[in-house]
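>>> Pasting a predicted model and its sequence here:
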Amino acid sequence: MKLEMQNKKKPIGKPTQNFLRISEIKNDTVVMDDGTLRVIIMVSSTNFDLKSQDEQNSIIFGFQRFLNSLEFPVQILMQSRKMEIGGYLEKLKKLADKQTNELLRVQTNEYVEFISRLIENASIMNKNFYIVVPLGESIFPAAAGFFSRVFGRGREREVTERIENFEKAKEKLDNRATSLASNLSGIGIRAERMKTEEIIQLYYNSYNFESGPLINPGELKEIKLSQ
């Protein structure tokens, strides 16, 4: 009985992609499974505590004006990850080995040891901020009629209509993203729209939080999130 239990294989779980509400990612835009669209904008942060009282008040009032200017819903996302500086430390070690000045070599190695101990004893996090801009209009066309499907014209018409709907909806969403980025620049926050590869990487790292370093851009082709 014990042998049978040991030899029994553990069931393989379903991949994370099966639980994502994403139809595809293309042209820097996320297409949800209901046909609505999303764009993701990465925004910079600001050290509020280091600002003077007048600067803090200016930021608060500016952010208030930004929220009041919105004519559509947005989602603000913050992602915290443990800072990964292994590559940086390896680079410093190689520079120390090539250093001809003995004093500089010793100081570089001591700096590497100090940073290594600091990372081990302190939880240093890297925080990234994003704004998700939606468009609630579905790009999926209405189902083709029965006779269109029978004579083979339904699928072709659906694809054509879907492409046309996507381009029209994307234009509206692009205008929203541009307007939002412009309003944020007024309060000193930089905003940059994420590209297709960056969006895929963001989703991957969000659902593989303990997977370690970021995935190599060359490996993005293996992730079938875009069609």
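Nice, thanks for sending it over. Numbering: from 1, shown residues only.

>>> make it CA atoms for all contacts and neighbour counts henceforth
Fine.

>>> what's the helix or strand for the residue most central in space within the chain?
Taking CA atoms, centre = their mean, the centroid of the chain lies closest to L202, which sits 3.1 Å from it. Using DSSP states H and E, the secondary-structure element containing L202 is helix 196-207.

>>> how far out from the middle of the chain is that helix?
5 Å (CA atoms, centre = their mean, to the nearest Å).

>>> Give me the distance from the strand ranked longest in the chain to the chain's centre.
Ordering each strand of the chain by length in residues (DSSP state E) puts strand 125-135 first. With CA atoms, centre = their mean as the basis, strand 125-135 stands 7 Å off its chain's centre.

>>> how about low-confidence regions in this structure?
Low-confidence segments of the chain (pLDDT under 70): 1-17, 142-154, 209-227.

>>> can you rerun that using 50?
The model of the chain has pLDDT under 50 over residues 1-5, 144-149, 212-213, 215-227.

>>> Now do the helices in it.
Taking DSSP state H as the criterion, the chain carries its helices at 2-7, 53-69, 86-98, 102-121, 146-150, 154-185, 196-207.

>>> wait, which of those is closest to F19?
helix 196-207 (10.6 Å; CA to CA).

>>> Now do the contacts for the nearest residue to T29 once chain neighbours are set aside.
Excluding the flanking residues, the one nearest T29 by CA to CA, 6 or more residues apart in numbering is V39, at 5.2 Å. V39 makes contact with D28, T29, V30, V132, V133, P134, L173, A177, R193, M194, according to CA atoms under 8 Å, 6 or more residues apart in numbering.

>>> Pull up the distance across stretch 113-131, start to finish.
Taking CA to CA, to the nearest Å as the measure, stretch 113-131 stretches 38 Å from start to finish.

>>> Name the residues of it that come out as buried.
Buried residues in stretch 113-131, counting neighbours by 16 or more other CA atoms under 10 Å, are found at Y130, I131.

>>> And for stretch 167-183?
Result for stretch 167-183 [16+ other CA under 10 Å]: buried residues A169, K170, L173, D174, R176, A177, L180, A181, N183.

>>> swap in stretch 102-110?
R105, T108, N109.

>>> again, but for stretch 47-58
So for stretch 47-58, nothing qualifies as buried (16+ other CA under 10 Å).

>>> Not counting its own residues, what contacts that stretch?
By CA under 8 Å, 6+ apart, stretch 47-58 touches I187.

>>> Distance from the chain centre to that stretch, please.
Using CA atoms, centre = their mean, the offset of stretch 47-58 from its chain centre is 28 Å.

>>> same question, stretch 129-140
Worked out by CA atoms, centre = their mean, stretch 129-140 lies 14 Å from the chain centre.

>>> contacting residues around it?
Contacts with stretch 129-140, where a contact means CA under 8 Å, 6+ apart, come from 34-45, 72-79, 162, 165-166, 169, 173, 176-177.

>>> Go again with 7 Å.
34-44, 74-79, 162, 165-166, 173, 177 (CA atoms under 7 Å, 6 or more residues apart in numbering).

>>> before we move on, what about stretch 93-107?
Identification of contacts with stretch 93-107 by CA under 7 Å, 6+ apart yields T108, N109.

>>> Straight-line length of that stretch, end to end?
End residues of stretch 93-107 are separated by 11 Å (CA to CA).
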